[in-house]
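Student: Task: produce atomic coordinates for the following.
(one chain, ligands or ions: 1)
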Amino acid sequence: MPPKPRKNKRQAESDELSALEQRSKDPDAFATATLFSELPLSIRTQEGLKRANFIELTDIQRKAIPLALAGRDILGAAKTGSGKTLAFLVPILELLYRAKWSQFDGLGALVISPTRELAVQIFEVLKKIGRQHLLSAGLIIGGKDLIIEQERVNRMNILVCTPGRLLQHMDQTVGFDCGNLQLLGMYIWPNCRMCIDMREYFGLKMKPALLDEADRILDMGFEKTLNAIIDNLSKQRQTLLFSATQTKSVRDLARLSLKNPEYVAVHEKSEFSTPQKLAQHYLVCDLPQKLDVLFSFIKTHLTCKAIVFLSACKQVRFVFEAFCRLHPGVPLLHLHGKQKQTKRVEIFAKFVSMKSAFLFATDIAARGLDFPAVDWVLQLDCPEDADTYIHRVGRTARFDAAGQALLFLLPSEEEKMLELLKTKKIPVEKIKVRQSKQQNVQKQLQSLCFQDPEIKYLGQKAFISYMRSVYLQKDKSVFKVHELPTEEYATALGLPGTPKIKFITKSHAKNATRQVPKEVEELDSSEEVESEVEERRLMRKKNEINTESSTDDSESEGKGKGKRQLKKNYASKPHEDDDVEEEKKSKVVKPKTKVDRMFNRKNQDILSVHYGRLIDREGDKIVANEDDDEDNFITLKRVNHELEDGEEAMLPMSKRQLNKTKKERIKDLPKGERIVFDDEGRPHQIYEMQDEKDFLKAGDTKTQIRRFLQESSEAMTTADATDKEVAKEKRRQKKAERKAKAREMEGVDPSETYSENEENAATIQFSDGEPEEKPISKTKRWFQNDEEDEAKTRKKKRVLEIEQPQTLEDQEALALRLLGSL
Ligand SMILES: Nc1ncnc2c1ncn2[C@@H]1O[C@H](COP(=O)(O)OP(=O)(O)OP(=O)(O)O)[C@@H](O)[C@H]1O
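Tutor: A predicted model of the protein is given here:
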């Protein structure tokens, strides 16, 4: 008897699996493979890859996939854009398929991504190549409906997720079980303190797991999260770890953590660690000229697609908002960690789909994200280190494409940064800006700041954020905060004055007067970063006119002495505030008038109001006292240098306020008042006491009491009469309605008679100037005629007058009459 076709199919599948199993045992046999079709992959995977247009293997894929299919742990290193995602997604699909994984086996593979964008991206690739498989896959990232996820998560075989959300499900979702997990994929980025934690995790706790890209973004909070996640997972896993940067850390990871891992490094023929088709340039430019050069670049590259990296969210916001108002002639976008997740994903998708656009971004966009066809990567602010540089430029020249990169360096950064790049084998070529092509946007920015307090506020925050980011950089040989021309930079941003930045409290002043600390870690928690916005130039002008002295200033001068001393010691000459210097030299307190103080206060108000009103443009979140660092979840750029919450003064404050302690400031806050509202909604103080003299003007107390009683009783009588009238009217209306209803029941058209309120019973239409009364009636349909109307009325009028039956006989008679009438 011939076998049933279904059995045939099953048999064929099982034959295929055993053949694949057999072929996978010798990974060396695929050392020269160039196509996916040459690898021992199932027909389903082959089909998925073909449909997604993945035909040829990249180097890392050729080396890593056969090893992973043979069940080996892998530590891979390959340049950005070299196709590492497929190098771990293909084995996930294949290994689960070979294990005949079904919906009843639960979760088989987990890919943990540090950023939601990256998770979305991986999931998209997985969907493409896995469409022929019967496995279920889900994306669980923060910012989505947890309940919906909870309903589905238990049915998934592969999950791509972010760590926080995964842990949430582990804690809260009933039945969520990772005990059967075969593969764990994770983006762990070395070259940071997280790597040290990761080494411990993998070295001491983890058995083979599937990992992808080691790097930096994970924050300290992740340490605990990861710990908790790992505890929940099964111990039977396979590890594949990939990194774009071949750091010692990755090798350490291999030595310490994995059992006999294969170290797969893809060294292209070129001796450089960045893609061959990537042309890399740098230019040296003074800080105040940076925006001019950037704007000129945009104006001369209107058809390009580019990413501009800046060091802080607030800088991104300022440059984006300001440049949007300057209308450069190309779409501008911005992406940073303070935006809501949905907005970030939306912007990401928008930029992906655009042909020409400039995206201003923080390092949130530097790693892992695959923006197709990016022509240029500009680094307006110097990257933290050479690895960050590699990741940033890796957003262009991806896979087979060509790309260009331009790094902006300050004169003080040039020498050391170039050294760093050289040690990492990154070839960069110096270029010069053609002065004839350079535009000056300083005047436009100044006028923007003058017209729009929001822009001014953002500019001030951008200034402070930039300064802070430079100050917090670990490599002080590259980043020299004291060499920055602060005043010129503030002017270049269009600001009317230089926001004052002090990096230390009075308590720290004595120690700090000697030298600038080399490492920021040395500073203890009492360290304070203060920001104060001063309209110095305007104030100076006003002071010249008016010479009235002010006690306010002398006070703040005295109190602020320590800080100024500090400033002197910290800041280099160009950084020094001219006004402060002048004041010090003359030892005379500059006078300030009442008007000046009012102006100052008024301006502060404007800023506060605008700060509060700052638009939630494109989903940006503005949180008071928030840090400049990226999204808490994904980044902690310099973990050890984190400033304490609230250290940065967000709202502009007067000097006197700044010199007060927190307690004193709270004391100064206005006390609340109790207010009562009358019937008309007018506010009144709870006790409105009148002055006695004024009170007696209206007569003595007794007379006033009598008058009050009389007036009150009169008012009450009038109110009583009105109430009665209203009640009477209501009764009359009700009566009329009842009567109308009764007539209707009797079959009489209520419009034929006038009710007591006859004017309400009919609508009045005007024709030929004469009012004409027309009874309300339903508009006739197109198929109705007058005869039908009459018939209806006749039918309605056939009402049986029935007397209430008293006895059984009466009821019988009534029944007969009713029957007879039908
Ligand atoms: N075999 C292939 N054939 C064609 N295109 C490929 C292939 N492998 C990867 N790509 C494409 O190359 C680009 C980069 O791939 P991928 O994002 O996996 O690189 P990566 O090494 O993970 O980069 P990064 O280190 O920046 O995260 C993607 O657009 C991807 O679609």
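Student: my guess is Gly337 meets Ile364, correct?
Tutor: Yes - contact criterion Cβ atoms under 8 Å: Gly337 and Ile364 qualify, at 5.0 Å. C-beta coordinates here come from the backbone N, C-alpha and C atoms, glycine included.
Student: Let me see the contact set for Val284.
Tutor: Contact partners of Val284, counting by Cβ atoms under 8 Å, 6 or more residues apart in numbering, are 409-411, 414, 430.
Student: I'd like the residues you listed laid out as JSON lines, including secondary structure.
Tutor: Below are these laid out as JSON lines (DSSP: H, G, I helix; E, B strand; the rest coil):
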{"residue": "Leu409", "secondary structure": "strand"}
{"residue": "Leu410", "secondary structure": "coil"}
{"residue": "Pro411", "secondary structure": "helix"}
{"residue": "Glu414", "secondary structure": "helix"}
{"residue": "Lys430", "secondary structure": "strand"}
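Student: Of these, which is the nearest to Gln451?
Tutor: When the contacts of Val284 are ranked by distance to Gln451 (Cβ to Cβ), Leu410 comes first, at 29.8 Å.
Student: I figured the closest one hits Pro288, correct?
Tutor: No - if you go by Cβ under 8 Å, Leu410 and Pro288 don't touch, sitting 10.4 Å apart.
Student: more crowded one of those two?
Tutor: The neighbour count for Leu410 versus Pro288, taken as other Cβ atoms under 10 Å, is higher for Leu410 (22 against 18).
Student: separation between the closest residue to that one other than its chain neighbours and Thr388?
Tutor: Computed as Cβ to Cβ, 6 or more residues apart in numbering, the closest residue to Leu410 that is not its neighbour in sequence is Leu287, at 5.7 Å. Leu287 is 19 Å from Thr388, where distance means Cβ to Cβ, to the nearest Å.
Student: Likewise for Phe104?
Tutor: 45 Å.
Student: out of those two, which sits in the busier spot?
Tutor: Each of Phe104 and Thr388 has its neighbours counted (other Cβ under 10 Å); Thr388 has more, 21 against 7.
Student: Which helix or which strand is home to that one?
Tutor: Here Thr388 sits within helix 386-393, counting by DSSP states H and E.
Student: Please save the CA atoms from that helix in PDB.
Tutor: Provided in PDB are the C-alpha atoms of helix 386-393 (Å, rounded to 0.1, in the frame of the first residue of the first chain):
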ATOM      1  CA  ALA A 386      38.000  55.700  19.500                       C
ATOM      2  CA  ASP A 387      35.400  52.900  19.900                       C
ATOM      3  CA  THR A 388      32.600  55.500  20.100                       C
ATOM      4  CA  TYR A 389      34.100  57.000  16.900                       C
ATOM      5  CA  ILE A 390      34.000  53.600  15.200                       C
ATOM      6  CA  HIS A 391      30.300  53.000  16.100                       C
ATOM      7  CA  ARG A 392      29.300  56.500  15.000                       C
ATOM      8  CA  VAL A 393      30.900  56.300  11.600                       C
END
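Student: what about dumping the CA coordinates of the helix or strand harbouring Cys449 to PDB?
Tutor: Assigned by DSSP H and E, Cys449 belongs to helix 442-451. Taking Å, rounded to 0.1, in the frame of the first residue of the first chain, the C-alpha atoms of helix 442-451 are listed here in PDB:
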ATOM      1  CA  GLN A 442      25.500  83.800  14.700                       C
ATOM      2  CA  LYS A 443      23.400  86.900  13.900                       C
ATOM      3  CA  GLN A 444      20.400  84.800  13.000                       C
ATOM      4  CA  LEU A 445      20.700  82.800  16.200                       C
ATOM      5  CA  GLN A 446      21.000  86.000  18.200                       C
ATOM      6  CA  SER A 447      17.900  87.400  16.700                       C
ATOM      7  CA  LEU A 448      16.100  84.000  17.300                       C
ATOM      8  CA  CYS A 449      17.200  84.100  20.900                       C
ATOM      9  CA  PHE A 450      16.000  87.600  21.200                       C
ATOM     10  CA  GLN A 451      12.600  86.900  19.700                       C
END
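Student: Fine, thanks again, bye for now.
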